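Asks: Take this sequence and fold it.
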Amino acid sequence: MEAYFLDFANLLLRWLHVIAAVAWIGESIYFVMLDNSLRPPKAAEDQQKGVFGEMWAVHGGGFYHNQKYASAPAKLPADLHWSFWKAYTTWLSGFGLFVLLYMANPGFYLVNPGSSWEWAANLTGWQANIVALAFLLGGWVVYNEMCKRISPNMERDGLLSLGVAVLMVVVAYLSSQIFAGRAAFLLTGAVMATAMSANVFFWIIPGQRRMVKAMKAGETPNPLDGKRGKQRSVHNTYFTLPVVLLMLSNHYSFTYTHELSWVIMSLFIFAGALIRQFFVLMHAGQTRPAYPAAGVALILVAVWIGAPSGAGNAAPMAAGETNGETDGRAVAAEEATVASGGPLDEIHGIMERRCASCHAQHPTHEAFTAPPAGVALETREQLLRQADQVKQVVASGYMPLGNLTQMTDEERASIAAWTP
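Replies: The predicted structure is shown next:
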């Protein structure tokens, strides 16, 4: 019953997280589009009021006239709109999910027993939790210090962008060495998402509050507050697509189980940033198809790197996915093998001993109330339907998670040599 309530909490937190993220990202993308679409005001009256740019739009059966002031407007309305709760809700709900899923079962989800770094491979559960929290905090501290030291007055933002790109490659490499594959993708995305939310909390909103306070006092706002808010908002814009892609890709084992998963992660990050750059420039009136083309090229490189090396390591299907060929193979092979015994019986026995405590319609493992990812491996037919996926995740060492069920090297070799 406890696992059932935890699953329900997981569902509700995930729902809240997705809703908040959609609202935050949507608003962020809208304001970047608005900022880049502004045109000089045509009315002399607006120019005299200090309007820097304006944009007319039609939507939802009405017309909108947005204006941006380069300096303080003559008067601020009492109901000034602020944007920050969506960012905070996204981070808090995401961190809640991380605690509920990963930190509640660190030996299962965080520890990487196959790491070539001995200290990482031998982490206990609570140690892995501390390292994960330190990883998130350290990512923000390093990023923030880079911003403050490389471009404190926003005059060397190009060099800063290059530094942030290198930082993300380092984060991807470290996470893949320290943590289990799925957690590595999630934590790399979480480092970027934490930087995005912290930018809002520590710099963008406080700077805007100081600007409003100065204006209400009849003083001239510090221009650095506006420039710094713009700098951090721009970073958030380029983090957005990579974060979404990393969070989605950790559901697909062919990404995070590869020995060069950190390279695949890095390619995803740069591809997302390049595609975002295309839209940023497009809203500014510049169409540069070379950016999305370069992004697609990087994704194709990731596809090439992650491709299975042989027939025995065929690309896995998403959870629960089947096709006609596999269905036919399942039925034919089961009929042939069940009657005579053979390799299928041996592999099915391994599944019963090492995998079925979790991957069952009614798991006996206390962490689950339903088969993880919807994959049950109790019957021979179920095993044959997921044969390619089983071979891939077992060969990579990703499954069983943390090898908690003590699958032996001989059993892994048998699964690798098995031809469904």
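Asks: So which residues of the stretch 201-350 of the chain form helices?
Replies: 205-216, 223-249, 253-256, 261-283, 290-306, 324-340, 343-354 (DSSP state H, counting those that start in this stretch).
Asks: mind exporting the last one as PDB, just the C-alpha atoms?
Replies: What follows is helix 343-354, C-alpha atoms only, in PDB (Å, rounded to 0.1, in the frame of the first residue of the first chain):
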ATOM      1  CA  PRO A 343      18.200 -21.500 -24.800                       C
ATOM      2  CA  LEU A 344      14.900 -19.800 -24.300                       C
ATOM      3  CA  ASP A 345      14.300 -21.900 -21.100                       C
ATOM      4  CA  GLU A 346      17.800 -20.900 -19.800                       C
ATOM      5  CA  ILE A 347      17.200 -17.200 -20.500                       C
ATOM      6  CA  HIS A 348      13.700 -17.400 -19.000                       C
ATOM      7  CA  GLY A 349      15.200 -19.000 -15.900                       C
ATOM      8  CA  ILE A 350      17.700 -16.100 -15.600                       C
ATOM      9  CA  MET A 351      14.800 -13.600 -15.900                       C
ATOM     10  CA  GLU A 352      12.900 -15.400 -13.100                       C
ATOM     11  CA  ARG A 353      15.900 -15.300 -10.800                       C
ATOM     12  CA  ARG A 354      17.300 -11.800 -11.600                       C
END
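Asks: Which other helices and strands does that helix contact?
Replies: If you count contacts as 3 or more C-beta pairs under 8 Å, 6 or more residues apart in numbering; DSSP states H and E, helix 343-354 packs onto helix 324-340, helix 380-385, helix 409-417. All C-beta spots, glycine's among them, are computed from the backbone N, C-alpha and C.
Asks: The shortest one now?
Replies: For helix 253-256, the elements it packs on are helix 181-198, helix 261-283, helix 290-306, helix 387-395, judged by 3+ C-beta pairs under 8 Å, 6+ apart.
Asks: ok now that helix, how far from the chain's centre?
Replies: Centroid separation for helix 253-256 versus its chain: 13 Å, with C-alpha atoms, centre = their mean, to the nearest Å.
Asks: average pLDDT for that helix?
Replies: Here helix 253-256 scores 78 as its mean pLDDT.
Asks: before we move on, what about the fifth one?
Replies: Average pLDDT, helix 290-306: 94.
Asks: what's in contact with that helix?
Replies: If you take C-beta atoms under 8 Å, 6 or more residues apart in numbering as the criterion, helix 290-306 is touched by 254-255, 258, 260, 263-264, 267-268, 270-275, 277-278, 281.
Asks: which parts of it are buried?
Replies: 291-292, 294-295, 298-299, 302, 306 (16 or more other C-beta atoms under 10 Å).
Asks: Could you do the fourth one as well?
Replies: Taking 16+ other C-beta under 10 Å as the neighbour-count basis, helix 261-283 is seen to contain the buried residues 261-280, 282-283.
Asks: next one: the first one
Replies: With burial defined by 16+ other C-beta under 10 Å, the residues of helix 205-216 counted as buried are 205, 207-208, 211, 215.
Asks: of those residues, closest to Arg228?
Replies: Lowest distance from Arg228 to those (C-beta to C-beta) belongs to Gly207, with 5.7 Å.
Asks: List the residues that contact the closest one.
Replies: Under the criterion of C-beta under 8 Å, 6+ apart, the neighbours of Gly207 are 225-226, 228-229.
Asks: Quantify the burial of Pro400 by counting its neighbouring residues.
Replies: The burial count assigned to Pro400 is 18, neighbours taken as other C-beta atoms under 10 Å.
Asks: so it sits right up against Cys355, yeah?
Replies: Yes. Using C-beta atoms under 8 Å as the test, Pro400 is close enough to Cys355 to be in contact (6.3 Å).
Asks: so how far is Ile350 from Phe84?
Replies: When distance is defined by C-beta to C-beta, to the nearest Å, Phe84 is 52 Å away from Ile350.
Asks: Secondary structure class of Phe52, three-state.
Replies: Three-state call for Phe52 (DSSP: H, G, I helix; E, B strand; the rest coil): strand.
Asks: wait, I meant Tyr64
Replies: Secondary structure state of Tyr64, per three-state DSSP, is strand.
Asks: That one against Trp56, yeah?
Replies: Yes. The pair Tyr64 and Trp56 passes the contact test of C-beta under 8 Å, sitting 7.1 Å apart.
Asks: hmm, back to that, looking at the helices and strands packed on helix 253-256, which is closest to Pro242?
Replies: When those are compared for distance to Pro242 using C-beta to C-beta, the nearest one is helix 261-283, at 3.7 Å.
Asks: tally of neighbours for Ala134?
Replies: The burial metric for Ala134, expressed as a neighbour count using other C-beta under 10 Å, is 11.
Asks: May I ask which helix or strand encompasses it?
Replies: Ala134 is located in helix 125-150, with elements delineated by DSSP states H and E.
Asks: Now do that helix against helix 181-198, angle only.
Replies: 40 degrees (axes from the mean of the first three to the mean of the last three C-alpha atoms, to 10 degrees).
Asks: Just the buried residues of the helix or strand following helix 125-150, please?
Replies: Later in the chain than helix 125-150, the nearest helix or strand by DSSP H and E is helix 157-178. Within helix 157-178, the residues scored as buried using 16+ other C-beta under 10 Å are 157, 160-161, 163-164, 167-168, 171-178.
Asks: and if you look at stretch 26-36?
Replies: Here stretch 26-36 shows 28-29, 32-36 as buried, counting by 16+ other C-beta under 10 Å.
Asks: Residues contacting it, please?
Replies: Outside of stretch 26-36, the residues that reach it under the criterion C-beta under 8 Å, 6+ apart are 55, 66, 68, 83, 86, 233, 236-237, 240, 279-281, 283-284.
Asks: same question, stretch 132-152
Replies: With C-beta under 8 Å, 6+ apart, stretch 132-152 has contacts from 98, 102-103, 106, 110, 156-157, 159-160, 163-164, 167, 171, 174-175, 178-179, 183, 187, 190-191, 194-195, 198, 202, 231-232, 235.
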